[in-house]
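> sequence and predicted structure, then a few things I'm wondering about:
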Amino acid sequence: MKVGTGFGGTWLTEVPASIQKAESLGYDFASTPETQHDSMLAAAVAAAYSTKIGIQTSVTIAFPRSPMVLAMEAWDLQHMTKGRFAIGLGSQVKGHNINRFSTEWPGAPATRMKEYIRMMRAVFHSFRTGEKPNYVGKYYHYTLMTPNFNPGPIEYDDPKIGLACVGDAMARVAGEVADVVMPHGFMTDKYMRDVLLPNVAIGMKRAGKTWNDIEVTGGGFTVFGESESEIEQGLERLRQPISFYGSTRSYHEVFEVHNLKDLGIQLHELSLQGKWDEMRRVIPEDVLRTFAQTSTYDKLPEFIRDHREYAKRISVAMPTSTPEQRERFAHVMGEIQKIRTPGVPRGMEAAV
């Protein structure tokens with residue numbers, strides 16, 4: 001099991017200390033988001049200030065950028081990190097694409113994302129081989145590359161491409177064309193097993209792939225703590241992300257699996273009124289328990305073995321401020337890294 005943490009999401013001047021801390025703690029990889037700051041810039045700074053930790057974006061918003069631009073940046077970062085870089089892509093929702101990024105929204109975002117990733121791979125291929133590109137799709141085409149613009153091959157494998165997904169269509173695309181399946185944070189274990197992973201399997205079957213050909217990141221809301229009291233406090237903090245993501249209609253499929261569609265509609269209406277505090281307050285206590293799986297730190301390796309058998313990557317955070325806490329964390333992380341999951345969801349061993 002690869003164990004990861006986060007970095008970035010803040011000013012670039014803070015990235016060096018953050019990535020070096022993650023590396024010193026022994027994490028296998030670290031992910032940078034794209035909320036208030038550019039994920040590719042953060043990844044470049046992290047690459048310059050690290051030597052062994054894997055670096056990935058989680059996620060880079062795809063549609064406002066050309067796939068050629070991201071392919072070039074990913075190629076450079078893969079060379080710079082000596083093979084440690086992976087790019088995670090996300091589509092974002094319609095409103096943000098149109099009104100924040102000022103980019104067109106396709107009628108079929110999953111289809112467009114499939115083409116996007118295939119074009120990136122075509123760019124990687126032309127960089128590596130020098131062959132004339134000939135990729136033509138509905139949304140993207142790539143038929144021109146001259147030696148003047150080709151950086152040439154690198155000594156390392158192509159950068160892995162991950163894809164964030166919530167809905168069934170994007171999950172099928174992730175299974176078909178991505179290397180890493182990155183379930184969105186707004187996820188429950190039931191939705192993961194009933195909807196997302198079966199659709200990943202459909203995509204894999206289309207591409208002739210097996211579960212050995214992809215890595216799934218352990219997803220869903222989790223709350224870990226030293227004690228049950230800490231877990232209770234962590235559950236309370238989930239009110240904010242559940243209310244925020246739950247207000248977006250694109251994510252209401254998760255609510256519907258739990259017969260909570262009315263709550264999603266209520267949150268959406270409150271968000272249109274800018275009532276962010278009230279949105280947190282309307283989340284019932286039982287919904288927090290429904291959404292989140294919990295574990296104490298002592299039982300965390302057991303939790304991962306029992307509940308994340310489909311995953312090959314997982315993010316874990318524990319206190320590391322004191323020498324005692326760092327020693328404890330090193331022990332728990334070491335036990336997690338020893339875990340060899342099958343990487344196949346229970347009940348789906350023969351699905352692909």
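Yep, it's here. Numbering: from 1, shown residues only.
> going forward, measure contacts and count neighbours with C-alpha atoms only.
Noted.
> for Gly6, give me its contacts.
Gly6 makes contact with Ala30, Ser31, Thr32, Pro33, Ser315, according to C-alpha atoms under 8 Å, 6 or more residues apart in numbering.
> try it again at 10 Å.
Going by C-alpha atoms under 10 Å, 6 or more residues apart in numbering, Gly6 touches 18-19, 22, 29-33, 55-58, 315-317.
> one more: Lys275?
Shown in contact with Lys275 (C-alpha under 10 Å, 6+ apart): Leu267, Glu269.
> mind listing what the closest residue to Pro16 other than its chain neighbours touches?
Spatially, and ignoring its direct neighbours in sequence, Pro16 is nearest to Tyr49 (5.7 Å; C-alpha to C-alpha, 6 or more residues apart in numbering). Tyr49 is in contact with Val15, Pro16, Ala17, Ser18, Ile19, Gln20, Glu23, Ala43, Thr81, counting by C-alpha under 10 Å, 6+ apart.
> helix, strand, or coil at Pro342?
coil (DSSP: H, G, I helix; E, B strand; the rest coil).
> please name the nearest non-neighbouring residue to it.
Leaving aside its chain neighbours, Pro342 sits nearest to Glu309 (6.1 Å; criterion: C-alpha to C-alpha, 6+ apart).
> looks like that neighbour contacts Trp211 (just checking).
No. Counting by C-alpha atoms under 10 Å, Trp211 is not a contact partner of Glu309; they are 11.8 Å apart.
> now do the shared contacts for the two.
Pro342, Gly343, Val344, Pro345.
> most neighbours among these, which one?
Val344 (23 neighbours; other C-alpha atoms under 10 Å).
> tell me how far that one lies from Asp194.
For Val344, the distance to Asp194 equals 14 Å [C-alpha to C-alpha, to the nearest Å].
> how about the helices in the stretch 201-350 of the chain?
Ranges of helices in the stretch 201-350 of the chain, per DSSP state H, counting those that start in this stretch, are 228-237, 239-246, 252-257, 261-272, 276-281, 285-291, 300-307, 323-337.
> redo these as a markdown table? Include mean pLDDT.
Formatted as a markdown table, the helices of the stretch 201-350 of the chain follow (pLDDT from 0 to 100):
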| stretch | mean pLDDT |
| --- | --- |
| helix 228-237 | 92 |
| helix 239-246 | 92 |
| helix 252-257 | 93 |
| helix 261-272 | 95 |
| helix 276-281 | 93 |
| helix 285-291 | 90 |
| helix 300-307 | 96 |
| helix 323-337 | 96 |
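> what about the ones you listed, which gets the closest to Ser39?
Set against Ser39 and scored by C-alpha to C-alpha, the helices of the stretch 201-350 of the chain come closest in helix 239-246, at 20.2 Å.
> that closest one to helix 261-272, inter-axis angle?
Helix 239-246 runs at 90 degrees relative to helix 261-272, counting by axes from the mean of the first three to the mean of the last three C-alpha atoms, to 10 degrees.
> residues in contact with helix 239-246?
With C-alpha under 10 Å, 6+ apart as the test, helix 239-246 has contacts from 185-187, 221, 238, 247, 251-255, 261, 263-268, 270-271, 276-285, 287-288, 291.
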